[in-house]
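Enquirer: A predicted structure for the sequence below; I have some questions about it.
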Amino acid sequence: MEEPTEQSNKNDTKKSVPVLPWMRSPVDVSLIDECPLGHRCGANIKLDLALQNTGITSLFPVQVAVWQETIGPGSFERDLCVNSPTGSGKTLAYALPIVQVLSTRAVKCLRALVVLPTRDLALQVKEVFATIAPAVGLSVGLAVGQSSIADEISGLIKRPKLEAGLCYDPDNLSPELQSSVDILVATPGRLMDHINNTKGFTLEHLCYLVVDETDRLLREAYQSWLPTVLRLTCSGDESLFRHVPSTFGSLKTIRKFGVERGFKGKSYPRLVKMVLSATLTQDPGKLAQLDLHHPLFLTTGQMRYRLPEQLESYKVEIAMSEDIKINRTDLSTLEICGSNLKPLYLVALLQTLQGEKCIVFTSSVESTHRLCTLLNYFGDLRIKIKEYSGLQRQSLRSKTLKAFRAGKIQVLVSSDAMTRGMDVEGVRNVINYDTPAYIKTYIHRAGRTARAGQSGHCFTLLHKEEVKRFKKLLQKADNNSCLVHSVPSESIESLRPIYTTALERLKECIESETYRKRKINVTMAKGMRYMHDRFEVAPAPLVSPQEPSNAT
Ligand SMILES: Nc1ncnc2c1ncn2[C@@H]1O[C@H](COP(=O)(O)OP(=O)(O)OP(=O)(O)O)[C@@H](O)[C@H]1O
């Protein structure tokens, strides 16, 4: 799914002025320097050692800026809205102060919640916490629905130890049910499952809420997770204190009769929020949902969007089909893969990249599937290419991602939503097979490379008529220069024989897949009719095989 535009973004080829007053005087992160680990005041030495063990020797500017506003002089007084480029280290920017501030906690309970839009992203963020939190005795949990709900619950909630012969009654909510984790990384759906159904799961002690990939999360309601979390953590809500174990009595008192900190209607300790994205929304309506407390805006540079410093953008112009001879019978098959000569350009480009890790983006799950199938029919490319999209099962996606991380796969053909925030070491190239419609989409796609100060390339395949629009689109971001990458026509010509065969095989494959889908649908319809006739169960509407096209 493409990124939708916002009202304020419709004509903003130049600087766009934020609507909200507090966004007009931001902290400019681009003016902040990196900071060597030992140079921060009050940093926990064990944390620094844990960071050093992962090869980190200094903090990136956004991490320094957030540290200043949390552990530093800012003292978590204000909620933080962070707009910082892809790969600039936003994860550690929030993980580090949270772990530092919780490192002195006496009693284990759930105090920090990080919400992310996808499972893979949540897993990735949990790994980041897992590299630092144990060093100071903190536990990190995951609620993403990767394992069974029972397994997940047993990882999150500590059951009382029973005497031999005694039976635990799950309906009897005893005060001994306690959180096993201090920090929870969750996707909204699974979080709601636990809020609604898991005995002993409570947000009553929550002090820190991180909404990562904020604009993505605010785009959909996800079972009203945000209003629910805000309601459950609101200090005035009596329902909060229903199941407070006696050990937390003092905390309950502080929450309920919180001291005013000079900001009307807000009590202390309040729920501190940090919201982050590389393309943070400026839509007042959306930001209002977060109920931010005296928010501070941290952004990088003058313009609303910024590409990574070390990213080089290239456009690859595709010749018209008349310029390169193509026989008539190919044309009908070409429609299957959605375009004319693009696949040839892609293959030629992949060949020049010589097996470097690369992500190829398409505009839909269907094109992802077709393109990946087609590329794999180009027999001797000697590149391992796999598909990664929302049409696949989570287990298959995770397996593919693992192999890609390990370098067993060189090229991932992907749809958009799955790759936002994804951090895979060594991705040197991104290819926009389908031109992104929005600058936000370009930023998140291109941002899979040139991360953490590394260099990277983003190629966009363009038809002649798309060039002008693409140029305008890039102008919406800082450091937007775009070079031309030419693919020699001889390379295209040399690929033609194998391309014709590959297209034929793709056509056969799609026909057989369509046949299989139809057969499954007929069988399902028969089954439902049988259920209806036999048991008078109303048949559920059939899912059309075309329906997943909206997913990405
Ligand atoms: N201080 C640091 N020194 C070296 N590497 C770092 C540092 N901080 C983060 N990194 C690395 O930088 C990479 C990008 O970090 P991260 O995933 O947090 O970026 P991000 O800003 O969240 O990007 P995106 O917007 O795409 O989600 C990661 O591989 C991370 O390990």
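Expert: Cool, got the structure. Residues are numbered from 1 along each chain as shown.

Enquirer: what's the neighbour count on the closest residue to the ligand within the stretch 151-300 of the chain?
Expert: Of all residues in the stretch 151-300 of the chain, residue 278 sits closest to the ligand, at 4.0 Å by CB to the nearest ligand atom. The C-beta positions use only the backbone N, C-alpha and C, and glycine is treated the same way. Other residues within reach of residue 278, judged by other CB atoms under 10 Å, total 25.

Enquirer: equivalent analysis for residue 20, please.
Expert: Neighbours around residue 20, by other CB under 10 Å: 15.

Enquirer: identify the residues contacting it.
Expert: By CB atoms under 8 Å, 6 or more residues apart in numbering, residue 20 lies in contact with 282, 284, 287.

Enquirer: go again using 6 Å as the cut-off
Expert: For residue 20, the contact set (CB atoms under 6 Å, 6 or more residues apart in numbering) comprises residue 284.

Enquirer: for it, give me the pLDDT.
Expert: pLDDT for residue 20: 92.

Enquirer: now do the same contact list for the residue of the stretch 151-300 of the chain closest to the ligand.
Expert: Going by CB under 6 Å, 6+ apart, residue 278 touches 85, 86, 443.

Enquirer: and the second one, which helix or strand is it part of?
Expert: Using DSSP states H and E, residue 86 falls within no helix or strand.

Enquirer: burial of the closest residue in space to it that isn't next to it in sequence, as a residue count?
Expert: Counting by CB to CB, 6 or more residues apart in numbering, residue 447 is the residue found nearest to residue 86 once chain neighbours are left out, at 2.4 Å. Look at residue 447: counted by other CB under 10 Å, it has 26 neighbours.

Enquirer: same thing with the one 4 residues further on?
Expert: Neighbours of residue 451 under the rule other CB under 10 Å: 22.

Enquirer: residue 515 now?
Expert: Using other CB under 10 Å, residue 515 has 10 other residues around it.

Enquirer: and it, helix, strand or coil?
Expert: Of the three states, residue 515 takes helix under DSSP: H, G, I helix; E, B strand; the rest coil.

Enquirer: and the gap between it and the ligand?
Expert: Separation of residue 515 from the ligand (CB to the nearest ligand atom, to the nearest Å): 40 Å.

Enquirer: so what's the residue of the stretch 151-300 of the chain closest to the ligand closest to, chain neighbours aside?
Expert: Nearest to residue 278 is residue 86, by CB to CB, 6+ apart, at 4.5 Å.

Enquirer: does residue 100 touch residue 67 like I think?
Expert: No: if you go by CB atoms under 6 Å, residue 100 and residue 67 don't touch, sitting 8.4 Å apart.

Enquirer: got the residues of the stretch 351-500 of the chain near the ligand?
Expert: 421, 423, 447, 451, 452 (CB under 6 Å from any ligand atom).

Enquirer: in a markdown table: these, plus secondary structure.
Expert: Shown next, in a markdown table, are these (three-state DSSP):
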| residue | secondary structure |
| --- | --- |
| 421 | coil |
| 423 | coil |
| 447 | coil |
| 451 | coil |
| 452 | coil |
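
Enquirer: which one of the residues you listed is nearest residue 474?
Expert: Distance ranking of those against residue 474, using CB to CB, places residue 447 first at 14.0 Å.

Enquirer: so what touches stretch 464-474?
Expert: Against stretch 464-474 from outside (CB under 6 Å, 6+ apart): 435, 439, 462, 480, 482.

Enquirer: hey, what's the third one bridged with?
Expert: Under the criterion DSSP bridges, residue 462 forms beta bridges with residue 317.

Enquirer: how many residues are close by it?
Expert: Counted with other CB under 10 Å, the neighbours of residue 462 add up to 20.

Enquirer: next one: the fourth one
Expert: For residue 480, the number of neighbouring residues by other CB under 10 Å comes to 17.

Enquirer: how about it, phi and psi?
Expert: Backbone torsions of residue 480, given as degrees, to the nearest 10, read phi -100, psi 20.

Enquirer: please list all residues in contact with it.
Expert: residue 474.

Enquirer: what of the third one?
Expert: Residue 462 is in contact with 315, 317, 470, counting by CB under 6 Å, 6+ apart.

Enquirer: out of the contacts of residue 278, which is most surrounded?
Expert: Busiest of these [other CB under 10 Å] is residue 85, holding 29 neighbours.

Enquirer: let me know whether that residue touches residue 308 as I believe.
Expert: Yes: using CB under 6 Å, residue 85 makes contact with residue 308 at a distance of 5.2 Å.

Enquirer: so which bits of the chain are right by the ligand?
Expert: Counting by CB under 6 Å from any ligand atom, the chain sits next to the ligand at 56, 58-60, 63, 84, 86-92, 278, 421, 423, 447, 451-452.

Enquirer: next, residue 195: secondary structure please.
Expert: Per three-state DSSP, residue 195 ends up helix.

Enquirer: make residue 1 into 34 and carry on from there
Expert: Right, with 34 as the first residue, what we last looked at is residue 228.

Enquirer: once you drop chain neighbours, what's closest to it?
Expert: In this structure, residue 228 finds its nearest non-sequential neighbour in residue 261, 6.1 Å apart by CB to CB, 6+ apart.

Enquirer: before we move on, what about residue 244?
Expert: Excluding the flanking residues, the one nearest residue 244 by CB to CB, 6+ apart is residue 308, at 4.5 Å.

Enquirer: just checking, that neighbour touches residue 247?
Expert: Yes: Residue 308 is within contact range of residue 247, at 4.3 Å (criterion: CB under 6 Å).

Enquirer: first vs last residue of stretch 320-331, how far apart are they?
Expert: 15 Å (CA to CA, to the nearest Å).

Enquirer: centre of the chain to it, how far?
Expert: 21 Å (CA atoms, centre = their mean, to the nearest Å).

Enquirer: which parts of it are buried?
Expert: Within stretch 320-331, the residues that count as buried by 16 or more other CB atoms under 10 Å are 320, 322, 323, 325, 326, 328, 329, 330, 331.

Enquirer: next, give phi and psi for the residue nearest to residue 257 when sequence neighbours are not counted.
Expert: Leaving aside its sequence neighbours, residue 257 sits nearest to residue 225 (CB to CB, 6+ apart; 7.9 Å). Dihedral pair for residue 225: phi -60, psi -40, per degrees, to the nearest 10.

Enquirer: okay, now residue 225: neighbour count?
Expert: Other residues close to residue 225 by other CB under 10 Å number 18.

Enquirer: please report how far it lies from residue 156.
Expert: 19 Å (CB to CB, to the nearest Å).

Enquirer: quick check, nearest of the contacts of stretch 497-507 to the ligand?
Expert: Distances from the ligand to the contacts of stretch 497-507, taken by CB to the nearest ligand atom, are shortest for residue 472, at 14.5 Å.

Enquirer: verify the contact between that closest one and residue 509 for me.
Expert: Yes: here residue 472 reaches residue 509: they are 4.2 Å apart, a contact under CB under 6 Å.

Enquirer: okay, and the common contacts of those two?
Expert: residue 338.

Enquirer: looking at these two, which is more packed in?
Expert: residue 472 (24 against 21).

Enquirer: what's the local residue count around the nearest residue to residue 239 once chain neighbours are set aside?
Expert: The shortest distance from residue 239 to any non-neighbouring residue, by CB to CB, 6+ apart, is to residue 266 (5.0 Å). If you count neighbours by other CB under 10 Å, residue 266 ends up with 20.

Enquirer: now residue 129
Expert: Residue 129 is flanked by 27 other residues according to other CB under 10 Å.

Enquirer: quick one: contacts of the strand or helix carrying it?
Expert: Residue 129 is located in helix 123-135, with elements delineated by DSSP H and E. Here helix 123-135 makes contact (CB under 6 Å, 6+ apart) with 77, 95-96, 99-100, 103-104, 117, 144-145, 158, 161-162, 165-166, 171, 215, 241, 243, 307, 309.

Enquirer: from residue 252, how far off is the residue of the stretch 184-333 of the chain closest to the ligand?
Expert: In terms of CB to CB, residue 311 sits 15 Å off from residue 252.
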